[in-house]
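# Structure of the sequence below:
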Amino acid sequence: MANIKSALKRIQVTERRTLRNRMIKSSMRTAIKKFELALNGGNIDEAKALLVEAVRKIDQAAAKGVIHENAAARHKSRLTLKLNKVANQ
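Have a look, this model is predicted:
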């Protein structure tokens, strides 16, 4: 355990940021999972609406620095490709 006051503060700040990042990443993953469940269930209209929500959550995570912008673009691209693949069949 740290003895220096600034080190103690850094530990507290790190714990706060870790909690915030975990919440943002969890909500992003939940939105993606809901989209994929709708897509696998064959409910394309619902999946389109959930894709918008998932993309919003991914963009928020990237804006807050929880994930990298390129990782966000990759996630969005893969989700869109999944939707297009199912919708075009």
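
# Just want the most central residue of the chain.
The chain has Met28 as the residue nearest its centroid, 2.7 Å off, counting by C-alpha atoms, centre = their mean.

# what sits against that residue?
Counting by C-beta atoms under 8 Å, 6 or more residues apart in numbering, Met28 makes contact with Ala54, Lys57, Ile58, Gln60, Ala61, Val66, Ile67. All C-beta spots, glycine's among them, are computed from the backbone N, C-alpha and C.

# what's the burial count for Ala71?
13 (other C-beta atoms under 10 Å).

# For the residue nearest to the centre of the chain, identify the helix or strand it belongs to.
For Met28, the enclosing helix or strand under DSSP states H and E is helix 5-40.

# re earlier: can I get the contacts of Met28 in CSV including secondary structure?
Formatted as CSV, those follow (DSSP: H, G, I helix; E, B strand; the rest coil):
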residue, secondary structure
Ala54, helix
Lys57, helix
Ile58, helix
Gln60, helix
Ala61, helix
Val66, coil
Ile67, coil
